[in-house]
Structures are given as structure tokens and as C-alpha cells.
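> make a model of this:
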Amino acid sequence: MGTIISIINQKGGVGKTTTAVNLAACLADKGHRTLLIDEDSQGNSTSGLSKSVDFEKSLYDVLLDDEPVENAIVKTAVKKLHLLPASIDLAGAEIEIAPLPDRESLLKKKIESLREDYEYILIDCPPSLGLMTLNALVASDSIIIPIQAEFYALEGLSQLVKTVQVVSRRMNPRLHILGILLTMFDGRTNLSLQVAEEVKKYFGSKVFRTVIPRTVKLSEAPSFGEPILTYAPKSKGAEAYKKLCREVLKRE
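Modelled structure (predicted):
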């Protein structure tokens, strides 16, 4: 049965989508059948894996129009990596989902059967702790929390951890934190080093040994609709995500 991992942080701009796209690509490159689900209405994971973002079906159709999930999944240029794309329609999905029965379990019911088809299913969550993120938590086995190596890195994290604990206790006893990932790291600055120390003090062994550097290539890759693995395979960013992939496989 496949493993479902959500990439989550209610703060935007922390490297969440970059991590979702590139970790998914690295898992597929290792030979694992992998699916990336884009749950964010901005569709950055979708555009990060495809030059086209105009798909006939999307996650919205699966959640709210009873479209079979298999009909919305598309292939990517990376072998063994598939995508369940987002669309702008997801922006209003929370309002439409709110009155439904079992609203927190909607995504789980739609994707549970995919565990037989994929070894890894990654969910790129929106930057909020709303209903869409709650659906991802209920559907997942574990989460990865990317944290930007900047001053306010730990701000709001206690609320996120508390939410995970509540979901684990009440709705999904499997759910746990797989790891905390430092992103946009610059080892030349005292600030990055201080933030790393604070995060390790707070989370201990949950912090991945891999850190994701701040690099131009990682910023450029999405505009070409490619993961770093194909855009700049020998870059520092590519090496970092390959290393993260190895750590994730060891922890699972």
C-alpha cells in the first residue's frame, strides 16, 4: 500500500511547493511510482511540473463534481511521476465543502484507492489551516514541514503542531510528523545558522539533516515547468533534494 505524505506550512513562501515538486520528482527518479496532488488553487505545483496548466479535469472536479480520480490524473515528463492538477476553482472549494457530511474526509475517500497504484502520494497543501489542509491531514500518513531559514521561521508553528496533534487524536491516528525541513538556507549568514539551532532545539531529531540551499536554479526551474532534477541536474539544489529523498526513504 502506498504512503501519503502532505507538505504543509500555513505560512506562504517557505519552499513548500518547491519541496513537493522536487521530492516527488526524486522519488520517481528512484523508481517509485509517485503521484503529486496539487491542493492549492494557485496551482504552483501544477505549473512546476507542466508547461501547460490548462487541464480538462482537476482536483476540484474530483472533490465536488464526482469525477473519478483516475480521469483527472495526468502524466508528467518525469518517468513514473503523475500529477493531479489544481485549478482556480479550488479557491472557492472550502465554502462548497463546508456544508457536506464528513467534510474533513472528502479527499481521503476520493484518493484512498490510489494507494494500490502508487508507492508515494505527495500532497502540496495550501498556505492555510483551512478545510483543504484539514482534508490533507486526514488523508495522510505523515507530514513534512518546510521552514524558511529566516527570522520568523517558528512563528505559527505551535498552532500547526497543535492542529496535527488534534487530527491525530480525533480523526487519523496514523498521522505523524515525518520531518522538519530547513529551506532557503544560507550557511554564510549568522541568521540561517541561528534559525537552524532554534529549529533543532524545538524539534530535535525530527529535523532532517538535509538543508535546502537558497539558489537561483531552484527559483528558475518552475518557470520552465520542470523540477530541478531535469532543469539543472548537477546543481546544489538538485543534490540537496536527492539527499532529502534518501532521508525520506530511510524514515518511512
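> which of the three states applies to the residue found closest to Gly15 once you drop the neighbours it is linked to in the chain?
Using Cβ to Cβ, 6 or more residues apart in numbering and skipping residues adjacent in sequence, the residue nearest Gly15 is Thr183, 3.3 Å away. C-beta here means a position set from N, CA and C on the backbone, and glycine is covered the same way. Recorded secondary structure, Thr183: strand (DSSP: H, G, I helix; E, B strand; the rest coil).
> list the beta-bridge partners for Thr183.
Beta-bridge pairing of Thr183 under DSSP bridges involves Gln148.
> the residue lying closest to Gly31 once chain neighbours are set aside: what's it in contact with?
Nearest non-adjacent residue to Gly31, counting by Cβ to Cβ, 6+ apart: Lys80, 6.8 Å away. With contact taken as Cβ atoms under 8 Å, 6 or more residues apart in numbering, Lys80 is in contact with 28-29, 31-34.
> what's the distance between Lys80 and Thr210?
Noted for Lys80: a distance of 22 Å to Thr210, by Cβ to Cβ, to the nearest Å.
> also Glu112?
In terms of Cβ to Cβ, Glu112 sits 30 Å off from Thr210.
> the two: which is more packed in?
Each of Glu112 and Thr210 has its neighbours counted (other Cβ atoms under 10 Å); Thr210 has more, 19 against 15.
> what's the burial count for Lys79?
Neighbours of Lys79 using other Cβ under 10 Å come to 9.
> check contacts around it.
28-29.
> which residues in the stretch 51-200 of the chain form strands?
Assigned by DSSP state E, counting those that start in this stretch, the strands in the stretch 51-200 of the chain fall at 74-75, 81-84, 120-124, 142-148, 176-185.
> low-confidence stretches in the chain?
For the chain, residues meeting the criterion pLDDT under 70 lie at 53.
> 90 instead?
Residues of the chain meeting the criterion pLDDT under 90: 1, 12, 50-54, 149-159, 186-192, 195, 198, 202, 252.
> helices along that one, start to end?
With helices called from DSSP state H, the chain shows them at 16-29, 44-49, 59-64, 69-72, 93-97, 106-111, 131-139, 157-170, 190-203, 216-220, 228-231, 236-251.
> so which of the ones you listed is the most surrounded?
Of all those, helix 16-29 has the most neighbours on average by mean count of other Cβ atoms under 10 Å, namely a mean of 27.
> so what angle separates the directions of that helix and helix 236-251?
70 degrees (axes from the mean of the first three to the mean of the last three Cα atoms, to 10 degrees).
> mind saving the C-alpha coords of helix 16-29 as CSV?
Output of helix 16-29 as CSV, limited to C-alpha atoms (Å, rounded to 0.1, in the frame of the first residue of the first chain):
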residue,chain,number,x,y,z
LYS,A,16,6.6,24.2,0.3
THR,A,17,5.7,23.8,-3.4
THR,A,18,9.4,23.6,-4.4
THR,A,19,9.8,20.7,-1.9
ALA,A,20,6.6,19.0,-3.1
VAL,A,21,7.6,19.1,-6.8
ASN,A,22,11.3,18.2,-6.3
LEU,A,23,10.8,15.5,-3.7
ALA,A,24,8.1,13.9,-5.9
ALA,A,25,10.5,14.0,-8.9
CYS,A,26,13.3,12.5,-6.9
LEU,A,27,11.1,9.7,-5.6
ALA,A,28,10.0,8.9,-9.1
ASP,A,29,13.6,9.0,-10.4
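> report the contact partners of Asp29.
By Cβ under 8 Å, 6+ apart, Asp29 lies in contact with 78-80, 229, 245.
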